[in-house]
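Student: Give me a 3D structure for the following:
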Amino acid sequence: MTEDIRLRAFTAEDADWIVERHATLYAQDEGFDGTFGPLVRGIVNAYTDHHDPKREQGWIAEREGARLGSVFCIRHGETEAKLRLFLVVPEARGLGLGRRLLLTCMDFARKAGYRRMQLWTHESHKAACALYHAHGWTMTQAKPVKSFGVDLIEQCWEIPL
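Tutor: Residues are numbered from 1 along each chain as shown. Next up is the predicted model:
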């Protein structure tokens, strides 16, 4: 299980790992092209440069110094937060870590005073979508898009907090 996995605050030293893991895993698993890494880099840089620690937070999951996952709560307006950069590396999947990261992020958003959260994902992320659904999220939009060099069904999910 995840008892030996700790969640800690994101630091700037985690930025390259987040970008590399997202770019590599999405290329391997989804066929994403080289435009995805720079998008992730932009999200990470914006967070690092401008985040409000009272209303925004990022977490890194790690075991014995090895990073295993990430999730971020980002302000998306006065009353709405956005879940971003949610990732669990393949060797840590199936341990309940995704659930733990998701619930940690949602709990922070509630305590920070947000009334709802949203996230964007793709239909192909079946395990993540099942996790969102199991924890009360509702898919509010789905549309076909061509992003990162592949045809995808982009989804928006929301939850009242």
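Student: Excluding residues flanking it in the chain, which one is nearest residue 101?
Tutor: residue 71 (4.2 Å; C-beta to C-beta, 6 or more residues apart in numbering). To be clear about C-beta, it is placed using only N, CA and C from the backbone, and glycine gets the same treatment.
Student: wait, doesn't that neighbour sit right on residue 82?
Tutor: No - using C-beta atoms under 8 Å, residue 71 is not in contact with residue 82; the gap is 11.3 Å.
Student: between those two, who's got more neighbours?
Tutor: Between residue 71 and residue 82, counted using other C-beta atoms under 10 Å, the more crowded position is residue 71 (28 against 17).
Student: Let me know the secondary structure of that one.
Tutor: When classified by DSSP: H, G, I helix; E, B strand; the rest coil, residue 71 comes out as strand.
Student: Next one: it from residue 107, what distance?
Tutor: Look at residue 71 and residue 107: by C-beta to C-beta, to the nearest Å, they are 11 Å apart.
Student: ok, for the residue lying farthest from the centre of the chain, nearest residue in space, not its chain neighbours?
Tutor: Centroid-distance maximum for the chain: residue 64 at 21.8 Å, with C-alpha atoms, centre = their mean. Nearest residue to residue 64 in three dimensions, chain neighbours excluded: residue 4, at 7.8 Å (C-beta to C-beta, 6+ apart).
Student: now residue 89
Tutor: residue 68 (5.4 Å).
Student: What of residue 129?
Tutor: Per C-beta to C-beta, 6+ apart, closest to residue 129 is residue 121, 6.6 Å.
Student: in the sheet, who's paired with that neighbour?
Tutor: residue 155 (DSSP bridges).
Student: I'd say it and residue 131 touch.
Tutor: No - with contact defined as C-beta under 8 Å, residue 121 does not count as touching residue 131 (10.4 Å).
Student: Using PDB, write out every CA atom in stretch 128-140.
Tutor: C-alpha atoms of stretch 128-140 as PDB (Å, rounded to 0.1, in the frame of the first residue of the first chain):
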ATOM      1  CA  ALA A 128      -8.100   8.300 -13.600                       C
ATOM      2  CA  CYS A 129     -11.600   8.900 -14.900                       C
ATOM      3  CA  ALA A 130     -12.900   6.000 -12.900                       C
ATOM      4  CA  LEU A 131     -11.200   7.500  -9.800                       C
ATOM      5  CA  TYR A 132     -12.800  10.900 -10.400                       C
ATOM      6  CA  HIS A 133     -16.200   9.300 -10.800                       C
ATOM      7  CA  ALA A 134     -15.800   7.200  -7.700                       C
ATOM      8  CA  HIS A 135     -15.100  10.400  -5.700                       C
ATOM      9  CA  GLY A 136     -18.100  12.400  -6.800                       C
ATOM     10  CA  TRP A 137     -16.700  14.200  -9.900                       C
ATOM     11  CA  THR A 138     -19.000  14.700 -12.900                       C
ATOM     12  CA  MET A 139     -17.900  14.900 -16.500                       C
ATOM     13  CA  THR A 140     -19.500  18.100 -17.800                       C
END
